[in-house]
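Asker: have a look at this prediction, sequence included:
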Amino acid sequence: MDVDAFVDNDDELVKYQWRLCLSPKCWLNNLEVTSRFHDEENWSSYIKYLNEDNNELSDDIKNLPNDCGGIYVFFVQGKNLPFCERYLAYVGRVRFTDHENLRNRLKQYLPESKRNDGKRPKLKKLFRHWKEHLYIRYYKSTDNSFIDEGESALIKAILPPFNTDMPNYTIKEPKKAFL
């Protein structure tokens, strides 16, 4: 049986469906910037977002660095092949200022996900359906220009399904087909 037909005919499964775009063209178009992130040693380990009971932040999130900004990614970690069943869901950034840092920003997502304010519906869906399976990794930096440029390039290269804005993307002016 075709997997799409199986999912499309099961209302319970449809709510867990998300769109995925794997574009080699996008990867290559952004490689000049994204190649700076290729060394895995510069990234944190995988950190579970919630505690064991899945009702509050994990201690690892509460103790993230507060002396830098950076880029972070949310993953949904599956249970069947946990060594490779990881789905990149969201790319974010936090600039480093007197009031902004990795710890503060990543602690904000759980309360944001619980608000009934109509804002950020994709992120609310991510938390509603997969919060028990959310992990993060982060790349530390204090260079805000690098952070902005890196986040933009990663979003344009990966097209994460829960990001809503395409940073620094411009739509070209339409041209007349007939003169």
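Answerer: Done, it's in.

Asker: ok, residues contacting stretch 138-151?
Answerer: 33-34, 36-37, 42-44, 64-65, 68-73, 91-97, 102, 106, 167 (C-beta atoms under 8 Å, 6 or more residues apart in numbering). For every residue, glycine as well, the C-beta is placed using N, CA and C.

Asker: tell me the mean pLDDT for that stretch?
Answerer: For stretch 138-151, mean pLDDT is 97.

Asker: tell me which residues in that stretch are buried?
Answerer: 138-141, 146-151 (16 or more other C-beta atoms under 10 Å).

Asker: now, which of these lie within strands?
Answerer: 138-141 (DSSP state E).

Asker: could you list the low-pLDDT ranges of the protein?
Answerer: Residues of the chain meeting the criterion pLDDT under 70: 1, 6, 166-179.

Asker: centroid residue for it?
Answerer: Central residue of the chain (C-alpha atoms, centre = their mean): residue 90, 1.3 Å from the mean position.

Asker: contacts for the host helix or strand of it next, please.
Answerer: Assigned by DSSP states H and E, residue 90 belongs to strand 86-94. Residues outside strand 86-94 that contact it (C-beta under 8 Å, 6+ apart) are 18, 46, 69-78, 100-102, 104-106, 123, 126, 130, 134-135, 147-148, 150-151, 154-155, 158, 160-163.

Asker: just checking: what are the partner strands of that strand?
Answerer: strand 69-77 (antiparallel) (DSSP bridges).

Asker: with just CA atoms, put the partner strand into PDB.
Answerer: Output of strand 69-77 as PDB, limited to C-alpha atoms (Å, rounded to 0.1, in the frame of the first residue of the first chain):
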ATOM      1  CA  GLY A  69      24.100  34.000  21.600                       C
ATOM      2  CA  GLY A  70      24.000  31.700  18.700                       C
ATOM      3  CA  ILE A  71      22.000  29.500  16.400                       C
ATOM      4  CA  TYR A  72      19.900  26.600  17.600                       C
ATOM      5  CA  VAL A  73      17.900  23.900  16.000                       C
ATOM      6  CA  PHE A  74      14.900  21.900  17.200                       C
ATOM      7  CA  PHE A  75      14.700  18.200  16.300                       C
ATOM      8  CA  VAL A  76      12.000  15.700  16.700                       C
ATOM      9  CA  GLN A  77      13.600  12.400  17.800                       C
END
